[in-house]
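Engineer: fold the following for me, if possible:
(one chain, ligands or ions: 1)
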Amino acid sequence: MTKVVKNNPENEINLPVYTLRVTSSLSGIPAHSIRQYIDKGLLIPYKLDSNRHLFSEGDIRRLKHIHLLIHERGLNFAGIRTLMSLIPCWAIRKCTAQDRQECQAYYDNSIPCWEASEKGRICKNENCRDCGVYNCWVGDRDLKTVFRELIP
Ligand code: SF4
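Structural biologist: A predicted model of the protein is given here:
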């Protein structure tokens, strides 16, 4: 059975409490690299009204995993985006055939669904940072583990 993971922003691990500087120091990843990961759509930070970003413990795990993919597995940004695009969001969100037809994420294999400019009905007004699709691949879980859990 497909497991739908809904991220709870109230969970301690998801609370955005760290500034960029603190996140950089806790993760050991330079601030300019973190900014790059955000620009490439690999990480969605929490945005304050002032447009400054805050990060959570979960974000730090995600950052470390992205860093590992780049520096130990030899992937580049396009490779990671392609991997992220393979997450079957339409199955996790249980999109109808019509939803899929209207959604760029269903067809595009070069960007993660949260980067799609044309999203289906179900996702139009969602905050992707809190979505189970965005959050299903974090920390030290590789994508195959995620797929095994989603599709037993
Ligand atoms: S809400 Fe965002 S992250 Fe979730 S499936 Fe839709 S586009 Fe993807």
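Engineer: so what does residue 18 look like in phi/psi?
Structural biologist: phi -100, psi 140 (degrees, to the nearest 10).
Engineer: wait, what's in contact with it?
Structural biologist: 26, 54-56, 59-60 (C-beta atoms under 8 Å, 6 or more residues apart in numbering). C-beta here means a position set from N, CA and C on the backbone, and glycine is covered the same way.
Engineer: now rank the residues you listed by neighbours and give me the top one.
Structural biologist: Among the contacts of residue 18, residue 59 has the most neighbours (other C-beta atoms under 10 Å), with 27 neighbours.
Engineer: and that one, helix, strand or coil?
Structural biologist: Classification of residue 59 by DSSP: H, G, I helix; E, B strand; the rest coil places it in helix.
Engineer: who in the protein is up against the ligand?
Structural biologist: Proximity of the chain to the ligand, by C-beta under 6 Å from any ligand atom, involves residues 89, 93, 105, 113-114, 119, 123, 126, 128, 131, 133-134.
Engineer: can you tell me what sits against stretch 20-27?
Structural biologist: Contacts for stretch 20-27 (C-beta under 8 Å, 6+ apart): 18, 29-31, 34-35, 52-53, 55, 59-60, 63-64, 67.
Engineer: could you redo the last one with a cut-off of 6 Å?
Structural biologist: With contacts defined as C-beta atoms under 6 Å, 6 or more residues apart in numbering, stretch 20-27 is touched by 31, 53, 55, 60, 63-64.
Engineer: check stretch 49-59 too.
Structural biologist: By C-beta under 6 Å, 6+ apart, the list of residues contacting stretch 49-59 reads 13-16, 18, 20, 23, 45-46, 138.
Engineer: also stretch 76-89?
Structural biologist: So stretch 76-89 is contacted by 40, 42, 69, 105, 109-113, 133, 143 (C-beta under 6 Å, 6+ apart).
Engineer: I appreciate the help and will end here.
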